[in-house]
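Asker: below are the sequence and a predicted model for it; my questions follow.
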Amino acid sequence: PSAAPGALGGHVRREAMGSSGDEWRDLVMDMFQETRISKNEAAVQLLYEQTLKDKAERIFPSGKWPPAEAIASECQNDEDWLLFYRELAFRHLFAKSKHPGLRVFMESWANYKALFEWLLSTDDPAMVITVHWAYDIIYECVYQFQGFSQFRSQVTSRSQDELEQLEANPDVWALPSVVRYLRALARRGRVAEMMAARRGAAAA
């Protein structure tokens, strides 16, 4: 499954990404290698918590990363892994944009659904991410749900087209669906315990 690339910048030719694109592709290749092939948790931690954040801030200060289609060859066109890439890309975009827009909300939700369905459908995802990374995925999902709920409630600020799209897509960020996924993930991956541990660490 894949989310539409529009909100993340559309299709970008490899050569059009320039030297910074080469640096980004190298990072994608390294992250894929360590998470999916080598499964080296220490290396993943360094890449996720330091290298990724530093390069994303420097190369894409406006928020938009290259779409998954532009870097797919660096991860062997692994559609499951690209779900994680899209989640990171949307997360960076939301962090940089005060008004992400309905299209971004919808595409991000579609990616979360595909990501969560994959995680819940396999007993062995054959991929390593850190506890911190897993926590950030859950936290961001809740954050975007809250943002969408506020967006949807501001009826007077919405265009006619947005109102029509909202009416036509009542399942987008629907509370029952969000709760169902979070509860299922908590049962499968001890998300509740993980989040409680994080809260305890933050309060210490």
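Answerer: Cool, got the structure.
Asker: what packs against the lengthiest helix in the chain?
Answerer: Scanning the chain for the longest helix, with DSSP state H as the assignment, gives helix 131-153. The contact analysis (3 or more C-beta pairs under 8 Å, 6 or more residues apart in numbering; DSSP states H and E) places helix 131-153 against helix 79-96, helix 102-121, helix 175-189, helix 191-203. Yep, even glycine has a C-beta here, placed from its N, CA and C like the rest.
Asker: and the first one, what's its mean pLDDT?
Answerer: In this model, helix 79-96 has a mean pLDDT of 95.
Asker: contacting residues around that helix?
Answerer: Contacts to helix 79-96, defined as C-beta atoms under 8 Å, 6 or more residues apart in numbering, come from residues 1-3, 7-8, 28, 32, 35-36, 52, 56, 60-65, 67-68, 71-72, 75, 100, 104, 107-108, 111-112, 114-115, 118, 125, 127, 129, 136-137, 140, 143-144, 147.
Asker: any quick PyMOL command for the buried ones out of the residues you listed?
Answerer: Buried members of the contacts of helix 79-96 can be picked out in PyMOL with the line below, counting by 16 or more other C-beta atoms under 10 Å:
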select buried, resi 3+7+8+28+32+35+36+52+56+60+63+64+65+67+68+71+72+75+100+104+107+108+111+112+114+115+118+127+129+136+137+140+144
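Asker: now stretch 152-170, how far from the centre of its chain.
Answerer: Distance of stretch 152-170 from its chain centroid, counting by C-alpha atoms, centre = their mean, to the nearest Å, is 24 Å.
Asker: and stretch 149-158, by the same measure?
Answerer: When distances are taken as C-alpha atoms, centre = their mean, stretch 149-158 is centred 23 Å away from the chain's centroid.
Asker: what does stretch 154-171 give?
Answerer: 24 Å.
Asker: first to last residue in it, what's the distance?
Answerer: For stretch 154-171, the separation between the terminal residues is 18 Å (C-alpha to C-alpha, to the nearest Å).
Asker: mind putting the helices and strands packed on helix 131-153 into TSV with distance to residue 154?
Answerer: Listed next are these as TSV, based on distance: least, C-beta to C-beta, whole Å:
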stretch	distance to residue 154
helix 79-96	17
helix 102-121	11
helix 175-189	17
helix 191-203	29
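Asker: among these, which gets the worst mean confidence?
Answerer: Looking at the helices and strands packed on helix 131-153, the bottom one is helix 191-203 with a mean of 52.
Asker: dump the longest helix of the chain to PDB, restricted to CA.
Answerer: The C-alpha trace of helix 131-153 is given here as PDB (Å, rounded to 0.1, in the frame of the first residue of the first chain):
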ATOM      1  CA  VAL A 131      11.800   2.300  21.300                       C
ATOM      2  CA  HIS A 132      12.200   6.000  20.800                       C
ATOM      3  CA  TRP A 133      11.300   5.800  17.100                       C
ATOM      4  CA  ALA A 134       8.200   3.600  17.900                       C
ATOM      5  CA  TYR A 135       7.100   6.000  20.600                       C
ATOM      6  CA  ASP A 136       7.500   9.000  18.200                       C
ATOM      7  CA  ILE A 137       5.200   7.200  15.600                       C
ATOM      8  CA  ILE A 138       2.400   6.800  18.200                       C
ATOM      9  CA  TYR A 139       2.900  10.300  19.600                       C
ATOM     10  CA  GLU A 140       2.800  11.900  16.200                       C
ATOM     11  CA  CYS A 141      -0.300   9.900  15.200                       C
ATOM     12  CA  VAL A 142      -2.200  11.300  18.300                       C
ATOM     13  CA  TYR A 143      -0.800  14.800  17.600                       C
ATOM     14  CA  GLN A 144      -2.100  14.700  14.000                       C
ATOM     15  CA  PHE A 145      -5.500  13.300  15.100                       C
ATOM     16  CA  GLN A 146      -5.800  16.300  17.500                       C
ATOM     17  CA  GLY A 147      -4.800  18.700  14.800                       C
ATOM     18  CA  PHE A 148      -7.300  17.200  12.400                       C
ATOM     19  CA  SER A 149     -10.100  17.300  15.000                       C
ATOM     20  CA  GLN A 150      -9.400  21.000  15.400                       C
ATOM     21  CA  PHE A 151      -9.200  21.600  11.700                       C
ATOM     22  CA  ARG A 152     -12.600  19.800  11.100                       C
ATOM     23  CA  SER A 153     -14.300  21.800  13.900                       C
END
